[in-house]
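In: I need the structure of the sequence given here:
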Amino acid sequence: MTQRFHGWRLALPSIVSSLLLLGLCGAIAYSLHYLQTQTSEELTENIDSRYAAGRLSQRVEELLLAHARDATNVVDLQKGVLDQLERMEGLADKATESRLVGETRSEFNLYQGLWQQRKSDAIQHLERSLRFSNDLRDFNNDQVVLAKRQSQRTVEKLAWGLAGVGVAGSVGGLILGVAIMRWYRRGVRSLHVHVRAAAGALGQDLPPVEVAGDSLEELRGRVQLVVREVETVVLRLQQSEREVLRAEQLAAVGQLAAGMAHEIRNPLTAIKMLVDTQREDALSRGIPVDDYDLIRDELKRVERSLDSFLNFARLPRPEKSRQDLSRLVRQTISLLQGRAQHQKVKLEFHPPTTPVSVDADGGQIVQVLVNLALNALDAMPAGGTLRVELKAPAPDAVEVDLLDTGPGIAPEMLPRLFEPFASNKEAGLGLGLVTSRRIIEDHGGRLLATNRPGGGACFTVHLPAA
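Out: Residues are numbered from 1 along each chain as shown. The predicted structure follows:
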């Protein structure tokens, strides 16, 4: 009985200390997990707000650019701005953010009230709206940076606190062991808990956590459990930080692409206007204009490449309505008739006797068909046949096949045909087919490509029937 009593007196301080240390580590782990969740939610909200603000500025810039070109139909662009304003109003959760969104909407409402009557006054309000939307984007950028820094500081403090708890536990265990050894001539050799989580650990692989000792096995198991939980939380923080960095990189690439496209398009338009003016002057004086025609054709090629890049970067949502697919195919053929005759390519299309209707954006479907047909014409520079077949393989689906008599798709290109920037053309960007597939998939359909057994390529467009 005395031995049992002395055993409890020997074990009680260690048990109490172990439980206190276990509870403290558990509290720190819970706090770290809670702060990580709060920080992750704050970062996610700030990233969403920054992305929406960037889209709003982009929409307003597109509307200003349309007015600069004296475009008459800007209703769709105005609707795009209003949609982004509604999204920003739903995301605005800070006073400055709400104020900037309100000022942007106020200036845009004034612009909408004046744009059909007093264009110059309306443009001024639209430019103010752009300035406020840019301020909103910059504010959200600052909020993301601030939240990231706050997260790093919080994790750094908690890491140092956890390291302090580990050191305090080690020192306390050592002192307790010495005291028990002196009092009872017995004791604990060592209890060493080493937790290494300094400020730089979040960017590196975490070292293993070691817990060693010849006694207090139960305490050691519990501490190991807590440490594993801390490791899990820290790994989640690392993943969140990597996701934030990736989102920042993508946003920077998007902003760079939009800026570069804007900077290229403006001088390109000016050059085209100068070339057309000089060409008309040369024609009036009876001077050959072959060089001007060559310059103009090359400028058009640059502009097509730029349009392909912009369509890939920000493809508009389809505005669907009931469309007669036969009419869209005939429209496509009429657009290609001149080039086909020049290349001595025969265009064949026999429309079905009954209408084939789809719910689709007619302009986007024609864009896809024209792109596929142009690829077929590129494959037949010396002539051939391009046949378009329209059929309904199922009651709820329609199919458009474009079959050419060219050399077909190269075997090495066939698996990567719909990958971005994959092209075997000398002047191709490799974005046309990618954009076409995105358009068809946005309509709930599929775009497929195969080689025909007798030679040539076949592109098949599947669309849901109306």
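
In: contacts, neighbours, all on C-alpha from now
Out: Will do.

In: can you list the residues that contact stretch 372-387?
Out: 336, 340, 343-349, 401-408, 433, 457, 459 (CA atoms under 8 Å, 6 or more residues apart in numbering).

In: which among the residues you listed end up buried?
Out: 336, 340, 344-345, 347, 401-406, 408, 433, 457, 459 (16 or more other CA atoms under 10 Å).

In: Among these, which pair sits farthest apart?
Out: Spatial extent of the buried ones among the contacts of stretch 372-387 (CA to CA) is set by the pair Lys344 and Leu433 at 24.4 Å.

In: hmm, back to that, return the subset of the contacts of stretch 372-387 lying in helices.
Out: Leu336, Ala340, Gln343, Leu433 (DSSP state H).

In: what ranges do the strands span in the protein?
Out: Taking DSSP state E as the test, the strands found in the chain are 191-194, 210-213, 321-324, 345-349, 357-360, 384-394, 397-404, 446-451, 457-464.

In: between the fourth one and strand 384-394, how big is the angle?
Out: Counting by axes from the mean of the first three to the mean of the last three CA atoms, to 10 degrees, strand 345-349 points 20 degrees away from the direction of strand 384-394.

In: Tell me the gap between strand 345-349 and the middle of its chain.
Out: 40 Å (CA atoms, centre = their mean, to the nearest Å).

In: For it, which helices and strands make contact with it?
Out: Judged by 3 or more CA pairs under 8 Å, 6 or more residues apart in numbering; DSSP states H and E, strand 345-349 is in contact with helix 325-343, strand 384-394.

In: Can you dump the C-alpha atoms of it in CSV for me?
Out: In CSV, the C-alpha atoms belonging to strand 345-349 read as follows (Å, rounded to 0.1, in the frame of the first residue of the first chain):
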residue,chain,number,x,y,z
VAL,A,345,-12.6,24.1,-104.1
LYS,A,346,-16.1,22.8,-104.7
LEU,A,347,-18.5,23.5,-101.8
GLU,A,348,-21.3,20.9,-101.5
PHE,A,349,-24.4,21.2,-99.2
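
In: Show residues contacting that strand.
Out: So strand 345-349 is contacted by Ile333, Gln337, Ala340, Leu377, Met380, Gly383, Gly384, Thr385, Leu386, Arg387, Val388, Glu389 (CA under 8 Å, 6+ apart).

In: got the angle for it vs helix 325-343?
Out: Using the same axes, to 10 degrees: strand 345-349 against helix 325-343 is 170 degrees.

In: Give the pairing partners of strand 345-349; include direction for each.
Out: Note on strand 345-349: by DSSP bridges, its sheet partners are strand 384-394 (parallel).

In: buried set for the partner strand?
Out: Gly384, Thr385, Leu386, Arg387, Val388, Glu389, Leu390, Ala392.

In: Closest one to Tyr30 out of those residues, please.
Out: For the buried residues of strand 384-394, the nearest to Tyr30 is Ala392 (60.2 Å; CA to CA).

In: my guess is the closest one contacts Ser357, does it?
Out: No. Assessed by CA atoms under 8 Å, Ala392 is found out of contact with Ser357, at 10.1 Å.

In: In TSV: the strands of the chain, plus mean pLDDT and distance to Gln150.
Out: Shown next, in TSV, are the strands of the chain (pLDDT from 0 to 100; distance: least, CA to CA, whole Å):
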stretch	mean pLDDT	distance to Gln150
strand 191-194	42	27
strand 210-213	48	30
strand 321-324	92	49
strand 345-349	94	64
strand 357-360	92	48
strand 384-394	88	58
strand 397-404	94	54
strand 446-451	93	46
strand 457-464	94	50
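
In: Out of those, the one nearest Arg285 is which?
Out: strand 345-349 (36.1 Å).

In: one step back: could I get the helices and strands packed on strand 345-349 as JSON lines with distance to Leu82?
Out: Below are the helices and strands packed on strand 345-349 laid out as JSON lines (distance: least, CA to CA, whole Å):
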{"stretch": "helix 325-343", "distance to Leu82": "31"}
{"stretch": "strand 384-394", "distance to Leu82": "39"}
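
In: ok, and the closest non-adjacent residue to Pro355?
Out: Asp324 (6.5 Å; CA to CA, 6 or more residues apart in numbering).

In: bridging residues for the one you found?
Out: Where Asp324 sits in a bridge, its partners, by DSSP bridges, are Ser357.
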